[in-house]
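Visitor: structure for this input, please:
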Amino acid sequence: MASKGTRGAAAAPGVTPAARTGLARQSVGLAGVVFQSVTFMAPGGAVATSLAVAAAYAGGALSLSVLITLVAALIVAASIAQLARHLPSAGSIYTYPAQGLHPYVGFLVGWGYALITGLVGPIVNLLIGYFVGTELNAEFGWDFRAMWVIFMLLPAVLTALAGFFGVKFGTRVGVVLGGLEILIFVALSIWMFAHATASAGSILDTFTLKYATVKGFTGASGLLGGSVYVLLAFVGFEAAAPLAEEARSPRRTVPRAVLLSCLIVGVLYLFTTLAVAAYVGPSHLATYGGLGGGSPWILFARQLWGWGWVILFLAIINSFFANGNSALIAATRTWFAMGRIDLLPTVFARTDRRHAAPVVGVAAQTLLTVVIALPLALHYGPATAFQLLATILSAVMIGIYIVINISVIGYYTRRQRAEFNWLAHLVLPVVGSLVLLPVLAAAVGVGASWLKFVTPLPYPISEAGLAVGIWFGVGLVYLAYLAVTHPGRVRDMEQVFD
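Guide: The predicted structure is shown next:
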């Protein structure tokens, strides 16, 4: 039955019931849904990469950048939770603005989310290749380029195999892998605090701009530049929402999972960031990402655990693999929902009879690693290719988060007026959006003339805004075509298949 404010569900034209079994209903519990978001955020991998990159801009103000981003992320998570209570849909991220604002807005959000969920797989496979290639080159002298290419493609194949076994298998993998990586990074952070070189006072100063002294990114500009990559570390807490049609009691489970995952991982980021500040000193945070040949946490583990560094190394690889697994789940469910209503080719709505897995989406996600990540990495090098793709991802997600905040206001003033709450449905969404707007400006490289604290990112990362603009330009053309020839398809984005 369609939920309130929606129309009944119908099979996508051109796809017969025999060709498609649908998703596996009521198959995932709270733990699985929570860790779908946690592993999408890849906390271990984010600590080792995204936060280290963020420090190159925020410097010793990294803790402040993490704290501000955590607050903004929790506000967005609260907005998603408010909407998920009424709209349990695999197309959640675009269904929210379609109902709260307008189906056209929902389409553009879905278009953007279809892009970024597709990018996560290539990004994490690229990072796996980079980390494995770096260590094999350092330990055995094996050719770095050959190793990172091989170990970029291998996890793409393994993730696809996990995806073919369906959501129940995939989320169980996520619970195990996500729990392990968190425990290992917490343990090493405790060791780092035990061997601190900085005073308690100087560590607390990382919550101020005192150490935000990176050349070209001093003060607030460094805080914002760093926030682009800190926000990247948080992207994924919303990934529980596309599991709404496969979760048990989704109207309760999904809101709890979104909030819990954001809070758990946010606290981990604060803890590990403070541990780094304690171990290397706040004045050295800006350059710590270059330690250990670009693998600072591997270096910390070598210094404190000896051969135990292998455990940390495996935790990072595990984090990336789990991230790729959960990203594949989120991407294929979003594409499935869009294929179901003919916004993408209907083959994306086909599922395997045995495992109820969207097999075409799984294959497409795997292919993206080859056609996007590999050429960019060969041209710019894996580290720069990661930063470029990551900035594109961050820019799109920041925009989506702002729209979701605004959608809460529209949904509760238009469709759930009896439940409207000034704080939850107006004040917090507005505050969260205002916090994210300068970060969006920094990510896409605009606003420096009127936001004096915004400094453009270096080339080729600065081209992220152009890439985002081209993608949404194509989306607008496609939307115009649909509005003229198939307006019903765009309106169908309001549907909740419940």
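Visitor: okay, now the unreliable bits of the stretch 151-300 of the chain?
Guide: Scanning the stretch 151-300 of the chain for pLDDT under 70 picks out 162-175, 177.
Visitor: tell me the strands in it, going along the chain?
Guide: Per DSSP state E, counting those that start in this stretch, the stretch 151-300 of the chain carries strands over the ranges 213-214, 217-218.
Visitor: so for Leu188, which of the ones you listed sits nearest?
Guide: strand 213-214 (25.5 Å; CB to CB). The way it works is simple: take the backbone N, C-alpha and C, and place the C-beta from them, glycine included.
Visitor: residue closest to the middle of the protein?
Guide: Centrality entry for the chain: nearest residue to the mean C-alpha point is Val235, 2.8 Å, by CA atoms, centre = their mean.
Visitor: give me the distance from the helix or strand where Ala385 lies to the chain's centre.
Guide: Here Ala385 sits within helix 382-414, counting by DSSP states H and E. Taking CA atoms, centre = their mean, to the nearest Å, the mean C-alpha location of helix 382-414 is offset from the chain mean by 9 Å.
Visitor: tell me what that helix is packed against?
Guide: For helix 382-414, the packing partners by 3 or more CB pairs under 8 Å, 6 or more residues apart in numbering; DSSP states H and E come out as helix 50-58, helix 62-84, helix 92-100, helix 103-140, helix 220-234, helix 374-380, helix 428-444, helix 464-485.
Visitor: closest to Thr273 out of those?
Guide: Thr273 lies closest to helix 62-84 among the helices and strands packed on helix 382-414, at 5.1 Å (CB to CB).
Visitor: and the angle from the closest one to helix 50-58?
Guide: Angle, helix 62-84 to helix 50-58, by axes from the mean of the first three to the mean of the last three CA atoms, to 10 degrees: 120 degrees.
Visitor: distance between the ends of stretch 336-353?
Guide: Chord length of stretch 336-353, first to last residue, is 15 Å (CA to CA, to the nearest Å).
Visitor: same question for stretch 188-208.
Guide: Stretch 188-208 has an end-to-end distance of 25 Å (criterion: CA to CA).
Visitor: and the next helix or strand past the helix holding Ala385?
Guide: That would be, after helix 382-414 and using DSSP H and E, helix 422.
Visitor: quick one: contacts of that next one?
Guide: Applying CB atoms under 8 Å, 6 or more residues apart in numbering, helix 422 has no contact partners.
Visitor: roughly how far is that helix from the heart of the chain?
Guide: Distance of helix 422 from its chain centroid, counting by CA atoms, centre = their mean, is 29 Å.
Visitor: quick one: contacts for Phe185?
Guide: Contacts of Phe185 (CB under 8 Å, 6+ apart): Pro43, Gly44, Val47, Leu268, Thr272, Trp297, Leu312, Ala315.
Visitor: surely His486 is in contact with Asp342?
Guide: Yes: here His486 reaches Asp342: they are 7.2 Å apart, a contact under CB atoms under 8 Å.
Visitor: these two: which is more packed in?
Guide: Asp342 (19 against 13; other CB atoms under 10 Å).
Visitor: pretty sure the more buried one belongs to a helix, no?
Guide: No: assigned with DSSP: H, G, I helix; E, B strand; the rest coil, Asp342 falls outside any helix and is coil.
Visitor: which residues does Leu299 contact?
Guide: Applying CB under 8 Å, 6+ apart, the residues contacting Leu299 are Leu291, Gly292.
Visitor: quickly note the distance from it to Ile184.
Guide: Distance of Leu299 to Ile184, given as CB to CB, to the nearest Å: 16 Å.
Visitor: try Leu87
Guide: With the distance defined as CB to CB, Leu87 ends up 37 Å from Ile184.
Visitor: more crowded one of the two?
Guide: Counted by other CB under 10 Å, Leu87 and Ile184 do not tie: Leu87 has more neighbours, with 31 against 20.
Visitor: doesn't Leu64 make contact with Phe207?
Guide: Yes: Phe207 is within contact range of Leu64, at 4.9 Å (criterion: CB under 8 Å).
Visitor: compare these two and say which is more crowded by neighbours.
Guide: Neighbours per residue, other CB under 10 Å: of Phe207 and Leu64, the larger number sits with Leu64, 23 against 18.
Visitor: any weak-confidence spans in the stretch 1-150 of the chain?
Guide: Residues of the stretch 1-150 of the chain meeting the criterion pLDDT under 70: 1-29, 90-91.
Visitor: the helix holding Ala385 versus helix 428-444: what angle between them?
Guide: 150 degrees.
Visitor: for helix 382-414, give the mean pLDDT please.
Guide: Mean pLDDT, computed over helix 382-414, is 91.
Visitor: give me the buried positions along it.
Guide: For helix 382-414, the neighbour count (16 or more other CB atoms under 10 Å) marks 382-412 as buried.
Visitor: ok, stretch 284-303 next?
Guide: Within stretch 284-303, the residues scored as buried using 16+ other CB under 10 Å are 284-286, 288-289, 291-292, 294-302.
Visitor: stretch 362-382 now?
Guide: By 16+ other CB under 10 Å, the buried positions in stretch 362-382 come out as Val362, Ala364, Gln365, Thr366, Leu368, Thr369, Ile372, Ala373, Leu374, Leu376, Ala377, Pro382.
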